[in-house]
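Here you go, sequence then predicted model.
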Amino acid sequence: MKSLMLLWKTLAQECASRCHTSATLDCKTVQGRVEHEGLSFLTITLPTFGKDFERSLDRGWVDRDLFTGFQWKGGLPKLLWGFLDQVFDRTSGVLLDDPDVDCIRSVRQLTLFCSKMRLPCSPVRVDAAFRAYVQCEQEVRENRLDLESTKLWQFRQASRLLYQVPLTKVDRDIYYLDDVIPKHGPGATAEKLTSNGKYRLKTWTKRLEKIFPCGEFLLPNWRHWRELEDVDILEPGDEIPVRVISVPKTLKTPRIIGIEPTAMQYAQQAILPKLLEGLFEVNHLRSFIGIDDQDPNREMAKEGSSKGNLATLDLSEASDRVSNQLVCTMLCDHPHLFEAVQAARSWKADVPGEGVIALSKFASMGSALCFPIEAMVFLSIVFVGIQKSLRTQLTPRLIESFRGKVRVYGDDIIVPVDHVSSVIEALEAYGLKVNSNKSFWTGRFRESCGKEYYAGDDVSVVKCRSMLPNSRRHAQEAISTVELRNQLYKAGYWATCRWLDDRLKEVLIHYPRVADSSPVLGRHSFLGYETQRIGEHLQNPLVRGYVVSAKSPSDKLDGIAALLKCLLRSTRASMVERPDNSPRLDHLDPLVAEEHLERAGRPHAVNIKLRWSPPF
């Protein structure tokens with residue numbers, strides 16, 4: 001805690017030096033509040049200040065309804081006054097005609113620096129998050145009942161124009177099971193099976209059996225048909241529910257995700273590549289929906305901040321508010337794909353403290369189909385809103401005219417400012433919730449996919465993700481702090497980097513200068529890497545430093561299950577080749593370790609080991 005406060009002070013003094021002001025009083029204020037309020041001031045209260053600052057930029061003035069809990073000096077909050085004075089008028093609080101971009105960046109850097117630390121929330125906040133999950137489910141159910149037939153018809157028409165051609169091909173592939181190859185991922189499942197243990201799966205569902213016969217998915221080939229005698233085909237009422245858990249997000253609230261049953265996850269991973277291939281064979285969909293490339297969203301956010309023509313919208317609880325009713329409406333013209341997606345969707349969720357509940361949402365985060373399906377739903381709703389704004393019927397030509405003006409990546413949505421009110425109205429009419437604190441369109445500030453811009457200038461910040469390490473035993477903290485140091489270096493905070501270097505040298509005795517492609521935990525530098533010796537065998541440069549060591553746990557697999565895994569891996573590997581500009585599918589199933597039948601799954605622990613390694 002003390003080290004983190006010293007790091008914040010060092011960063012504040014460097015920011016003040018950049019902006020030709022003083023941060024001495026700010027450091028005293030923050031120090032005093034941290035002593036009284038604890039870590040929550042840095043991780044919750046100060047980030048709230050930063051979000052109020054962004055809202056003020058969007059409004060064009062500082063209002064008294066913001067920055068609650070902070071003292072005022074004239075028309076501005078007293079904290080970070082020297083920075084704010086170069087952005088807003090000190091008396092009226094109105095945004096200056098030419099605010100200092102360095103001050104804008106510095107205020108955001110200092111207030112949001114600790115906003116995303118990977119620390120567990122208090123049990124009270126975790127319980128509140130689970131209750132909110134159940135409440136959200138109730139709201140989705142009520143909104144489903146309230147949806148008018150006219151709204152559903154408009155949504156269906158927009159979806160037809162957008163997805164009729166690609167989904168027809170996917171529907172045909174699902175019917176014939178043409179290259180529909182399932183996959184087990186390394187993540188957890190509701191049954192808590194090991195990574196290789198998933199290939200011994202002996203449960204299937206009656207719903208899946210109609211579309212994906214277990215003999216096709218659970219056997220290497222039909223020579224082993226007797227193995228099906230041990231497979232338990234579950235009736236809908238006996239299916240295993242999604243296991244709902246919390247994972248660290250911020251200290252204010254955790255992230256709630258659902259861990260799918262093994263059979264559902266397996267089938268979802270079979271549908272996913274076919275769905276992505278179908279979508280991205282259509283040029284205009286590639287420009288409207290992002291799956292693995294955030295750069296177009298970021299470029300459009302930059303354009304919106306510079307020209308004021310594009311708005312950036314963010315949705316709250318985006319995944320949990322997508323009604324399955326909308327997904328059914330979107331896919332109703334494609335019966336085989338519709339049935340496959342519904343069969344691979346879990347109907348129930350086991351929520352800690354709340355019991356097993358029925359799901360009206362399509363899926364929570366954790367489902368392989370959640371991300372692409374929600375993006376498709378959001379895009380259809382966006383065009384319903386645009387249609388209403390233009391007071392005309394959607395046509396393929398009209399949709400094509402919005403290329404470069406509309407894009408959806410997860411819950412990050414970009415639309416033209418001229419239609420933003422109508423789009424927000426449409427999103428909320430279909431049960432979604434627009435996050436007003438992270439949506440921007442009136443001022444010159446824009447935010448999308450982890451990048452922030454003001455008037456075309458990048459004002460993104462570096463965030464601390466963990467506490468600082470005290471010894472090499474704190475391997476995860478050491479790895480995270482080295483990464484933080486290198487991000488600060490590239491952002492130009494060199495005085496703060498020197499402070500961190502001194503701190504890291506006490507923990508990592510060997511701490512060389514390396515290139516950013518090196519496996520060694522070391523300092524990145526624009527001056528290049530250092531060489532400490534030449535390799536004996538390859539005559540290559542080497543440095544002595546700590547390398548991350550993370551070994552998969554022992555998980556032996558043999559017999560028919562091992563044959564199934566090998567055949568699935570080789571089949572999916574043959575599908576890696578893809579046409580230009582199509583979505584990356586190779587990252588879905590990388591061919592890794594030769595010992596995959598001996599060890600598999602995510603490592604239980606991460607260590608760092610001292611060794612000679614290349615500095616590049």
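Sure, I can see it. Numbering: from 1, shown residues only.

Residue 188: what's its closest spatial neighbour, skipping adjacent residues?
Nearest non-adjacent residue to residue 188, counting by C-beta to C-beta, 6 or more residues apart in numbering: residue 259, 5.1 Å away. The way it works is simple: take the backbone N, C-alpha and C, and place the C-beta from them, glycine included.

Correction: the previous question concerned residue 468.
With C-beta to C-beta, 6+ apart, the residue lying closest to residue 468 is residue 3, at 4.4 Å.

That neighbour: neighbour count?
14 (other C-beta atoms under 10 Å).

Doesn't it lie inside a strand?
No. Going by DSSP: H, G, I helix; E, B strand; the rest coil, the assignment for residue 3 is helix, not a strand.

Just to check, it is in contact with residue 464?
No. Between residue 3 and residue 464 there is no contact under C-beta atoms under 8 Å: 10.9 Å.

which other residues reach the host helix or strand of residue 102?
Assigned by DSSP states H and E, residue 102 falls within helix 101-112. Helix 101-112 is contacted by residues 8, 11-12, 15-16, 18-19, 21, 26, 46-47, 49-50, 53-54, 57, 80, 83-84, 86-87, 452, 454-455, 457, 459, 461-463 when judged by C-beta atoms under 8 Å, 6 or more residues apart in numbering.

Among the residues you listed, name the buried ones.
8, 11-12, 15-16, 18-19, 21, 26, 46-47, 49-50, 53-54, 57, 80, 83-84, 86-87, 452, 454-455, 459, 461-463 (16 or more other C-beta atoms under 10 Å).

re the thing from before, now the residue nearest to residue 188: how far from residue 568?
21 Å (C-beta to C-beta, to the nearest Å).

and what of residue 312?
Using C-beta to C-beta, residue 312 is found at 40 Å from residue 568.

Which one of the two is surrounded by more residues?
Shown here are residue 312 and residue 568; by other C-beta under 10 Å, residue 312 has more neighbours (27 against 19).

Secondary structure class of the more buried one, three-state.
Classified using three-state DSSP, residue 312 is strand.

which residues touch it?
Counting by C-beta under 8 Å, 6+ apart, residue 312 makes contact with 301, 304, 412-414, 439-441, 446-448.

Centroid-wise, who is the farthest residue in this protein?
residue 536 (43.5 Å; C-alpha atoms, centre = their mean).

for the strand or helix carrying residue 174, packing partners?
Element membership of residue 174, judged by DSSP H and E, is helix 149-176. Contacts defined by 3 or more C-beta pairs under 8 Å, 6 or more residues apart in numbering; DSSP states H and E place helix 149-176 against helix 262-280, helix 283-288, helix 324-331, helix 335-343, helix 370-390, helix 396-400.

Averaging pLDDT over each of those, report the lowest-scoring one.
The stretch with the lowest mean pLDDT among the helices and strands packed on helix 149-176 is helix 283-288, at a mean of 87.

Just give me how far it sits from the chain centre.
Computed by C-alpha atoms, centre = their mean, to the nearest Å, the separation of helix 283-288 from the middle of its chain amounts to 21 Å.
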